[in-house]
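Q: Quick one, fold the following:
(2 chains)
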Amino acid sequence: MKQADWPTSPIDYFVLSKLEENGLRPAPPADRLTLIRRATFDLLGLPPTPAEVDQFLADESPEAFARLVERLLESPHYGERWGRHWLDVARYADSNGLDENIAHGNAWRYRDWVVAAFNADRPFDLFLREQIAGDLLPTDDAELRRQRLIATGFLTLGPKVLAEVDETKMEMDIVDEQIDTLGRAVMGMTFGCARCHDHKFDPIGTADYYALAGIFKSTRTMDSFTKIARWHENSIATEAELAAKAEHDQQVATKKSEIDSLVAAANEQLKQSLGEGAALPDKPETQYPEETKQRLKQLRDALTTLEKAAPAMSTAMGVTDGDARNVAVHIRGSHLTLGDEASRGWPRVLSHDTSFNIGETESGRLQLADWLTRPDHPLTGRVFVNRIWRWHFGRGIVGSTDNFGELGERPLNPELLDWLTVEFAEQGWSIKTMHRLMMLSSVYRMSSTHDPECAAIDPENRWQWRAGVRRLEAEAIRDAMLAVSGTLDPTMGGSLLHVGNREFIFNHTSKDETKYDAPRRSLYLPVIRNHLYDVFQLFDYTDAGVVNGDRSTSTVAPQALFMMNSELVSDAATALARRALNEPLDSDEARVAWLYRSALARPAAEHEVQRASEFVASLSEASEGTAGDDTRLAAWRSLCHVLLTSNEFIYVR
Amino acid sequence: MTAFRSTFSRRQMLRDSGLGFGYLALASMLNDEAVSGRVRAADDVGLDALAANNPLAPRDPHFAPRAKRVIFLFMKGGPSHIDTFDYKPLLQRDDGKPLPFEKPRVQFAPTNNLLASPWKFQQYGECGQWVSELFPNVARHVDDLCMLHGVHGTNAAHGGALLKLHTGSDNFVRPSMGAWVAYGLGTENQNLPGFITICPTLAHGGVRNWGSAFLPAYCQGTPLGVASQPSSAATVRYAKNDRIAPAQQRRELDLLAEINREHLQQTGPNSALESRISSFELAFRMQMAIPRIQDISDESPETLKLYGMDETVTEDFGRQCLLARRFAEQGVRFIQVTHSDTNVQWDQHSQLKQGHEKNALEVDKPIAGLLTDLKQRGLLDDTLVVWSGEFGRTPTAQGKDGRDHNPEGFTIWMAGGGVKPGFRYGATDDYGYYAAEDKMHIHDVHATLLHLLGLDHERLTYRYAGRDFRLTDIAGHVAEKIFA
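A: Numbering: from 1, shown residues only, chains lettered A, B, ... in the order given. You can find the predicted model right below:
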């Protein structure tokens, strides 16, 4: 090893050996300004504030960066950022999409659960077990049980053809979506192929597929398959809600018995008035005295009103066990041509022992979850540490993060991946520990400095001879604009959806009334499948319908149109300009310096100060006479608009 | 000049930095005296590298194309083939009798006995094609039309059927056929997207029906408005800014370009940063180009009349058809026009007569006008016009006066672009329930459409998640008999 003094972490030895093998050398370390901006966006999805930058620059100890990482990991915004990464994998959305786009009115509970799990550094194995079989994990803690029921929303969130006329097909399509998602998300395996034929490239047969299908067919995901089909939701009512419900039930019962006794008394009276032994007429109520009729109407109206005012009981999308049964192999994937029955279980090729221990009345989900999270599972830990690597560095050690199969990419550094996988399990599946491990390495702290010789050997920077220059994700672009303009509302959690659960987002009207104007973090904006928010649609958000651990980054003209002409950017620029003008500063030059610090987290160079000041001055002159406009504000707004849309703002080095 | 010649791969370029609407616009702009002062030297942004990798440059098809572009007239909701272009004398004779054969295993809704068409049919043109009273104007063009009477699909619900028709798949996320065409052929006009969809519906698959799925982002359809808007109000999102004077925006863009180039100098060669710099110039040109195409004040009163824009009932769809011609003239590869309102338009589960009469009246004259206009301008020769719903309707009655969805057999017609004019291909059974002769599944329609554009549906592939994908998946037969 030529650069023996370079490594600071075990990771670095693995990376450096590949670099040297390929005739490459690592770039010099990044400066402090670059590091704090990179780490803050990486862990929080937000830019550092000028005060945070000052604090970091002032800390001269060698531990300064480690302290910075600790501070960031303790921020509640960490869970919002990294929880969102997992939501990409979980194909999270607030609407069904596909054919009948109705609202997932309770999906937000799952989103908030994920954010909290990341903030609490929930061990990844438990995090997975709760999502796959949370309803089956024994606990006496009522709140924990509610949280675990919410976690199973993972299995329910997929897009479904809710108006599929062939109900048998719909059920198997939903099972297929669950298997496909679980396979890609957890194991990086594409099981979907084996629905119709033995997998052509990976050792997964149709029998393996239908063994898994049996587990999900024995799981209750849907309450009804009649179009428009209805997904299942578990009750997660709190003690207070249950008490309110009991009290309300009591009130209804009282009201009903009041009505019953009034009717009984009136009937008795009627019979008597008709003479001894007379039978009650067909429609007795029509013959009641007027006063009784009115009283009865009053009582019934009151009952209706009362019933309508039933207290809301919280429910969450999720599953529970249904009727346990095996599924027959569907020949060529068709439910009309059935073959042999496959016992519930999982792919034999991945198992050390093939006794699945699934009881006759059990779906097998709990056993599946236990097997997936065994410390020696060949794929689960490997796939997830690779995801963490991808989210930190922009490219996985295995580039195809969701496909570790024969058709996926080969790991660039298999030894590193092996080491990280073992380390992850040994460190108790702690995700925060993995962040520390990766971020405190020399690899992470390199600069993005260009090196023509290395670029000639490895133009795509596959071996990581320098830090990547990466565009911010859709959410971070918007959040950063709101943050630096001082308009970001940091409230956490809850729903911003404009329609009730299971209501149409837009039916046949093509009028989408979803609002995206809340200045909350983008994580909390509704995720509407088939009609994503413009910022999401334009800036390579996930499709929200399939597992996506590796978002792409496109650069197309419509993004530039958005930057130039959207209200969002324009408003952010105006707010930032107002802030700049309200700062107690005595010169335009000082204002420019303040702007660079606020927007780009760095001091402005002398020529930048001069250029920006001249720009503002010339615009103020040019637009003089514009009727009623605040020309000074308009000029500063223009400067802010430029900074907010600049490559430096949108990219992290 | 060569200082920043980047060495990124073509694949990487296609995937990550699809330039939007291409490098050529920027290159031509650099040569344009009027704006050349606005943009600095080409070598600053690595244009050499971009030129070699421009994904939207017109590309050679696999073989000689019969059509260069497509205008797709989509009738949302499922117009009834047996009440429009597929005349069934036995259906008229056996009104009220039971269907003399089995209905499909899966039906969207239960239906009763046969229901005769409430409209009269007559033969038109030299080819003698039967057309009902619903389409008197289109009927006069039958000698230019190629009727595909044996089309069938796989999904009986709107959502699934729309996705199947537009993307070839009703249960997976797949690129739209327009995106495949943009991917395969690039575009002839570097100031405009390769695929435009005018007033599309957001329901039943929504954006997926014009999305690019795993294809590069530049392939996706650019929507002009949505179905809930009148076409006169339809615009490309964010192509207009009323909050700032154009001159001031130009000043902003100049400063932005300067700052971005400085940043690029510090960062070193980077295709994405370079692309982003040019994307702003492209966007600036695009926001000037699109309003010019939408401004129809240069059309003669005769032309406007041809499209029915002088009458309230046809004005809206007429404008869509006229815009389609204007985009076609400008070299857009795939233009979709959608006839859709807030009631699923052609979906007459009841009141077939009132509903279909209203719908046909809205589109008949504009479509006929479009065909006339394209022909007059010599555009019909290399423009393929396709008329289709997501399925047809049942010959059996739903309720007393409606028809249910029918994906088992229906009619699509094509015109121009190398198809046999005045030709009938395929047939449904005697009552129009099932496709019976020369059947064409939706996959076959896709294969044939691509073939007309010079693209082999088995060779137009894109590698994603480890496998090569096609519009036609593992199916698709080209109906060569319909080629002129």
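Q: nearest residue to the residue in chain B that chain A sits nearest to other than its sequence neighbours?
A: With CB to the nearest CB, the shortest gap between chain B and chain A falls at residue B:159, namely 2.2 Å. Quick note: C-beta positions are derived from backbone N, CA and C, even for glycine. Of all residues not flanking residue B:159 in the chain, residue A:99 sits nearest, at 2.2 Å (CB to CB, 6 or more residues apart in numbering or on different chains).
Q: Let me see the contact set for the one you found.
A: Remark: with contacts taken as CB atoms under 8 Å, 6 or more residues apart in numbering or on different chains, residue A:99 is in contact with A:161-164, B:157-160, B:163, B:204-205.
Q: Spell out which residues of the stretch 551-653 of chain A are next to chain B.
A: Within reach of chain B by CB under 8 Å from any CB of the partner chain, the stretch 551-653 of chain A has these residues: A:552-566, A:570, A:611, A:615, A:619, A:622-623, A:634, A:638-639, A:641-643, A:645-648, A:650-651, A:653.
Q: Pull out the buried members of those.
A: In terms of neighbour count (16 or more other CB atoms under 10 Å in any protein chain shown), the buried residues within these are A:553-566, A:570, A:611, A:615, A:619, A:623, A:634, A:638-639, A:641-643, A:645-648, A:650-651, A:653.
Q: Just name the shakiest helix or strand of chain B by mean pLDDT.
A: Scoring the helices and strands of chain B by mean pLDDT, DSSP states H and E places helix B:33-36 at the bottom, with a mean of 27.
Q: Isn't residue B:314 up against residue B:361?
A: Yes: A contact is recorded between residue B:314 and residue B:361 when judged using CB atoms under 8 Å, the distance being 7.5 Å.
Q: quick one: the residue of chain B closest to chain A is in a strand?
A: No: the assignment for residue B:159, made by DSSP: H, G, I helix; E, B strand; the rest coil, is helix rather than a strand.
Q: residue contacts, it?
A: Applying CB under 8 Å, 6+ apart to residue B:159 gives the contacts A:98-100, A:161, A:163, B:170, B:203-205.
Q: hmm, 7 Å instead?
A: A:98-100, A:161, A:163, B:204-205 (CB atoms under 7 Å, 6 or more residues apart in numbering or on different chains).
Q: Could you measure from residue A:194 over to chain B?
A: Residue A:194 sits 14 Å away from chain B when distances are taken as CB to the nearest CB, to the nearest Å.
Q: Touching, that residue and residue A:202? I think so.
A: No: judged on CB atoms under 7 Å, residue A:194 makes no contact with residue A:202 at a distance of 8.5 Å.
Q: which one of the two has more residues nearby?
A: For residue A:194 against residue A:202, the residue with the higher neighbour count under other CB atoms under 10 Å in any protein chain shown is residue A:194, and the figures read 26 against 22.
Q: How about the secondary structure of the more buried one?
A: helix.
Q: picking that back up, quick one: secondary structure of the residue nearest to residue B:159?
A: Taken by three-state DSSP, the conformation at residue A:99 corresponds to coil.
Q: What does the pLDDT read for it?
A: In this model, residue A:99 is scored at 80, pLDDT.
Q: who are the neighbours in contact with residue 70?
A: Picking chain A for this. When contacts are counted by CB under 7 Å, 6+ apart, residue A:70 is found next to no other residue.
Q: try again with chain B
A: Taking CB under 7 Å, 6+ apart as the definition of contact, the neighbours of residue B:70 are B:181, B:334, B:384, B:386, B:449.
Q: Can you list the low-confidence ranges for the chain?
A: Assuming you mean chain A. In the predicted model of chain A, residues A:1, A:201, A:352-354, A:507-509, A:622-629 satisfy pLDDT under 70.
Q: hmm, I had chain B in mind actually
A: Within chain B, the stretches falling below the threshold (pLDDT under 70) are B:1-56, B:342, B:465-466.
Q: and the nearest residue to residue A:399 once chain neighbours are set aside, how many residues sit next to it?
A: Residue nearest to residue A:399 in three dimensions, not counting chain neighbours: residue A:409, with 4.1 Å by CB to CB, 6+ apart. Each residue near residue A:409 was counted by other CB under 10 Å, and the total is 14.
Q: Residue A:409 against residue A:395, yeah?
A: No: using CB under 7 Å, residue A:409 makes no contact with residue A:395, being 10.0 Å away.
Q: if I look at the residue of chain B closest to chain A, how far off is residue A:528?
A: 15 Å (CB to CB, to the nearest Å).
Q: Just the strands from the stretch 351-500 of chain A, written as ranges.
A: Applying DSSP state E, counting those that start in this stretch to the stretch 351-500 of chain A gives strands spanning A:470-471.
Q: Up against chain B, what does it have?
A: A:400, A:403, A:405, A:407-408, A:448, A:450, A:455, A:459-460, A:469, A:471 (CB under 7 Å from any CB of the partner chain).
Q: Residue B:404: helix or strand, and which one exactly?
A: Using DSSP states H and E, the secondary-structure element containing residue B:404 is strand B:402-406.
Q: Spell out which parts of the stretch 51-200 of chain B neighbour chain A.
A: Near chain A, when you scan the stretch 51-200 of chain B using CB under 7 Å from any CB, you find B:106-108, B:156-160, B:171, B:173.
Q: residues near residue A:60, how many?
A: The number of residues near residue A:60, taken as other CB under 10 Å, comes to 7.
Q: ok, it to chain B distance?
A: In this view, residue A:60 and chain B are 26 Å apart by CB to the nearest CB.
Q: mind listing what that residue touches?
A: Under the criterion of CB under 7 Å, 6+ apart, residue A:60 has no contact partners.
Q: what do you get for residue B:340?
A: The contact partners of residue B:340, taken as CB under 7 Å, 6+ apart, are B:76, B:201, B:227.
Q: By neighbour count, which of those wins?
A: residue B:201 (28 neighbours).
Q: Residue 253: how many residues sit nearby?
A: Unless you meant another one, I'm taking chain A. The number of residues near residue A:253, taken as other CB under 10 Å, comes to 10.
Q: Hmm, no, I was thinking of chain B.
A: Summarising burial for residue B:253: neighbours were counted as other CB under 10 Å, giving 21.
Q: Quick check: the gap between it and residue B:240.
A: Counting by CB to CB, the gap between residue B:253 and residue B:240 amounts to 16 Å.
Q: Helix, strand, or coil at residue B:243?
A: With three-state DSSP as the criterion, residue B:243 was assigned coil.
Q: you'd agree it is up against residue A:567?
A: No: taking CB under 7 Å as the definition, residue B:243 is not a contact partner of residue A:567, at 8.2 Å.
Q: what about these two, which has more around it?
A: Summary of the neighbour comparison: residue B:243 and residue A:567, criterion other CB under 10 Å, with residue B:243 having more neighbours (14 against 11).
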